[in-house]
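A.B. asks: how would this look folded up:
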Amino acid sequence: MGKIAFFEDKNFQGQSHECSTDCPDLRSCFGCCNSIRMESGCWVLYKHPNYTGNQYILSSGEYPDQQHHHLDSIKSCRSIKNVYGKSWKIPFYERPNFDGQSLELTEDMKSIQEKWLRREVQSCKVLEGSWIFFEHPNFCGRQYLLEKGEYRHHSEWGALKPTVGSIKIIIEL
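C.D. replies: Numbers count the residues shown, from 1 in each chain. The predicted structure is shown next:
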């Protein structure tokens, strides 16, 4: 498990709240978040309680000014598992329920269209590791965490549409 601290003011000032376990509702812990210090682990932060809404995936480090990252209204967080492995594997498919053409990745891809003729991923299976799907190429746009398991439809990883521009492995160094 990792450890994360949220601060109400920039540069780690003001009231703070530490988490070392998943927290489905941070609303009673602080009013707003303007800086974050992550001592260990990788975390996914959510815009709404109960792990819903836009996702923001962060690894160990200091984030002194969250206004820049649009994370001032974080409402829930959880630790990401499977970030200490030595191998990563994710096959994804052109249609729901693992149907149609597929492509298997074992490394980051800055632009999905380098090897995949479309920008849509309808389903996937995370066989090893944890991954981030980004809405746009070059690891930009909305982020979606995919941990080990099967995702029969893009809505199961939280996406409203199946658009994927780039894919990145989550690694804790």
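A.B. asks: What's the local residue count around the residue nearest to Gly149 when sequence neighbours are not counted?
C.D. replies: The shortest distance from Gly149 to any non-neighbouring residue, by C-beta to C-beta, 6 or more residues apart in numbering, is to Val126 (5.8 Å). Placement of C-beta: from N, CA and C, glycine included. Using other C-beta atoms under 10 Å, Val126 is surrounded by 21 other residues.
A.B. asks: please begin residue numbering at 400 from this point
C.D. replies: Fine by me, first position is 400 from now on; the one you just mentioned is Val525.
A.B. asks: Now do Val525 against Tyr492, distance only.
C.D. replies: Separation of Val525 from Tyr492 (C-beta to C-beta, to the nearest Å): 13 Å.
A.B. asks: Contacts only, for the residue nearest to Gly548.
C.D. replies: Contact partners of Val525, counting by C-beta atoms under 8 Å, 6 or more residues apart in numbering, are 488-489, 545-550.
A.B. asks: Go through the residues you listed and say which is closest to Ile435.
C.D. replies: Ile435 has its nearest neighbour among the contacts of Val525 in Glu546, at 21.1 Å by C-beta to C-beta.
A.B. asks: pretty sure that closest one is touching Ser478, no?
C.D. replies: No. Judged on C-beta atoms under 8 Å, Glu546 makes no contact with Ser478 at a distance of 10.6 Å.
A.B. asks: Of the two, give the one with the bigger neighbour count.
C.D. replies: Ser478 (19 against 16).
A.B. asks: Run through the residues that contact the more buried one.
C.D. replies: 400-401, 420-421, 440-442.
A.B. asks: Same check on Met437?
C.D. replies: Per C-beta under 8 Å, 6+ apart, neighbours of Met437: 401-404, 457-462.
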